[in-house]
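Trainee: sequence first, predicted model second:
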Amino acid sequence: VLLLQRLADLGVIRPGPGGSFHPGDVIRVDAVTSFLDAGVSLEKIGEAIEHDLFTFEYLDRFHPEPSPRSPRSVEELAKLVHLNSNLLTSIYLAMGLPEPPPEYRPTVEEEHILRDFVELWGRGGEDALVRAARLVGEPARLLSEGWTRLYVEKIAPEHTVGPMDDRIGMIVETTEKAARLAPEMFQWLLQNHLRRAIDRANIEGLEETMTGHGLTLPLPDTLPAVAFVDISGYTTMTEHRGDTEAVRASETIREHAQRVSQSHHGSLVKLLGDGAMLHFDDVRNSVDAVHELVEVLRRHSLPAHAGIHAGSIMEHDGDYYGSTVNLASRIAGQAGAGEVLVSAAVVEKSGDDRFFFEALPPAQLKGVERPVELYRVSAGSQ
């Protein structure tokens, strides 16, 4: 009550007749609470408002109107959906949200989503609940944080000159558009990717069902492949060029690894600081893609080297594991600047006569019992 009175005195919220509040005031109170939790005192907030350095006035334009609170606490909700409160807390944390205190009352919308979520993923047990929460929470967090940082870095500086009213107007307009566009694009892209993922799962399910009944589908004689593309001398480069250049190098790697892999029917699995891990369902696309990526990075003054191996791969929550992945990483470690090295399995299954595969002496790789046959890739027919 004292906080609400103080905020009313500062003009952050404006109580209506009988002390009622507008839904936007709820958003503003939540925002002030975040400031206080971060160590910004109410006095400092008041000074900023008094000197026209900051305002909470337009926050309700950046966020949807808050849903009313459920009559149930999060502890009561856990009992309702037959979860212990510790597991429900783990779900919140896996989604990247703060740990809710037992007396916390979720919004009606939040409760509805959580009940549907538990009804679906609870069928798979506790592990499925936490993994599903992490799968949806992590990309949402990354999008929100990255989207906001990019706005602050690239858009906000445009609004630092001119009359205060004009600046605030432009900031509100562009921030409102950014806050609206992020969830719209996320939902649109999620629906597109989900459709493709469901199609792939259905195809795989059909293949397994037919195999189980003694039937086979005509499948290409190929294997999936994993590639690691690393920047040669990355540590020395960052020491000489500094952290800013290291960030730019990482963005360059991400941009071109994603573009090149997708144009060759592959995917960027993840960035690894000094490089990238790529996956291809068909090994026949891997050599061309990786050779092109190494050349593109060279033109951006980022000398790269790469290793490719083909074989069975285990997929788990969007990442890939197993001996094929490990060996591809070891092969990349053997390559020098500008080199693409591949295993015998890649040469056998690639069927690509646009490249010459030069046999190298068998290499003893770390963690591999027997020497491995390696081949250096170069453009030109065999």
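Mentor: Here it is on my side, so go on. Residues are numbered from 1 along each chain as shown.
Trainee: contacts and neighbour counts: CA atoms only from here.
Mentor: Will do.
Trainee: quick check on Glu295: phi, psi?
Mentor: Backbone torsions of Glu295, given as degrees, to the nearest 10, read phi -70, psi -40.
Trainee: pLDDT wise, what is it at?
Mentor: On pLDDT, Glu295 comes in at 95.
Trainee: hang on, Val342 in a helix?
Mentor: No - counting by DSSP: H, G, I helix; E, B strand; the rest coil, Val342 is not part of a helix but strand.
Trainee: avg pLDDT for stretch 30-44?
Mentor: Mean pLDDT, computed over stretch 30-44, is 86.
Trainee: host element of Leu114?
Mentor: helix 108-121 (DSSP states H and E).
Trainee: distance from the chain centre to that helix, please.
Mentor: In terms of CA atoms, centre = their mean, to the nearest Å, the centre of helix 108-121 is found 23 Å from the chain centre.
Trainee: same check on stretch 83-90?
Mentor: Remark: stretch 83-90 is offset 25 Å from the chain centroid, using CA atoms, centre = their mean.
Trainee: report the buried residues of it.
Mentor: Neighbour-count burial for stretch 83-90, counted by 16 or more other CA atoms under 10 Å, picks out 83, 85, 88-90.
Trainee: next SSE after the worst-scoring helix or strand of the chain on mean pLDDT?
Mentor: Considering only helices and strands, the least confidently modelled element of the chain by mean pLDDT, DSSP states H and E is helix 234-241, at a mean of 73. Heading C-terminal from helix 234-241, the first helix or strand you meet, by DSSP H and E, is helix 243-263.
Trainee: quick one, strands of the stretch 1-150 of the chain?
Mentor: Using DSSP state E, counting those that start in this stretch, the stretch 1-150 of the chain contains no strands.
Trainee: residue boundaries of the helices in it?
Mentor: 2-10, 23-37, 42-50, 74-80, 85-94, 108-121, 126-150 (DSSP state H, counting those that start in this stretch).
Trainee: so Thr89 touches Glu99, yeah?
Mentor: Yes - if you go by CA atoms under 8 Å, Thr89 and Glu99 touch, sitting 6.0 Å apart.
Trainee: for the buried residues of stretch 83-90, point out the one with the lowest pLDDT.
Mentor: Lowest pLDDT of the buried residues of stretch 83-90: Ser85, 88.
Trainee: and that residue, how far from Pro100?
Mentor: 10 Å (CA to CA, to the nearest Å).
Trainee: what is in contact with these two at once?
Mentor: Jointly contacting Ser85 and Pro100 under the rule CA atoms under 8 Å, 6 or more residues apart in numbering are Val74.
Trainee: shouldn't His309 be within a strand?
Mentor: Yes - His309 forms part of a strand when assessed by three-state DSSP.
Trainee: so how far is Leu297 from it?
Mentor: 21 Å.
Trainee: so these two - more neighbours on which side?
Mentor: His309 (31 against 21; other CA atoms under 10 Å).
Trainee: which strand residues bridge the more buried one?
Mentor: Val226 (DSSP bridges).
Trainee: residues in contact with it?
Mentor: 225-227, 324-325, 327-328, 331, 342-343, 345-346 are the contacts of His309 under CA under 8 Å, 6+ apart.
Trainee: same question, Gly146
Mentor: Going by CA under 8 Å, 6+ apart, Gly146 touches no other residue.
Trainee: redo that, cut-off 10 Å
Mentor: Applying CA atoms under 10 Å, 6 or more residues apart in numbering to Gly146 gives the contacts 140, 152.
Trainee: go on, Pro183?
Mentor: 140, 143-144, 189.
Trainee: hang on, the earlier thing: who wins for most neighbours among the contacts of His309?
Mentor: Counting by other CA under 10 Å, top hit in those: Ala227 with 32 neighbours.
Trainee: how about that residue: what's its closest non-neighbour residue?
Mentor: What sits nearest to Ala227 in space, not counting adjacent residues and going by CA to CA, 6 or more residues apart in numbering, is Ile308, at 4.4 Å.
Trainee: gap between the one you found and Pro101?
Mentor: Ile308 is 49 Å from Pro101, where distance means CA to CA.
Trainee: which one of those two has more residues nearby?
Mentor: For Ile308 and Pro101, the more surrounded residue by other CA under 10 Å is Ile308, and the numbers stand at 32 against 11.
Trainee: for the more buried one, list the residues it contacts.
Mentor: Contacts were defined as CA under 10 Å, 6+ apart; by that measure Ile308 touches 225-229, 278-279, 283, 286-287, 290, 324-325, 327-332, 340-347, 374.
Trainee: so Ala306 sits in a strand?
Mentor: Yes - membership of Ala306 in a strand is supported by three-state DSSP.
Trainee: is it true that it touches Gly333?
Mentor: Yes - when contacts are counted by CA atoms under 10 Å, Ala306 is listed as touching Gly333 (7.8 Å).
Trainee: overlap in contacts of those two?
Mentor: 228-230, 232, 341.
Trainee: out of those residues, what pair is the most spread apart?
Mentor: Ser232 and Leu341 (14.1 Å; CA to CA).
Trainee: quick one: which of these two has more around it?
Mentor: Per other CA under 10 Å, whichever of Ser232 and Leu341 has more neighbours is Leu341, with 30 against 20.
Trainee: Leu293: how many residues sit nearby?
Mentor: 23.
Trainee: quick one, what contacts the most centrally placed residue in the chain?
Mentor: Nearest residue to the geometric centre of the chain (CA atoms, centre = their mean): Pro139, 4.1 Å. Residues counted as contacts of Pro139 (CA under 10 Å, 6+ apart) are 95-96, 145, 186.
Trainee: cool, Thr235 as well?
Mentor: 246, 274.
Trainee: for it, give its distance to Glu339.
Mentor: Look at Thr235 and Glu339: by CA to CA, they are 19 Å apart.
Trainee: likewise Ser67?
Mentor: Distance of Ser67 to Glu339, computed by CA to CA: 57 Å.
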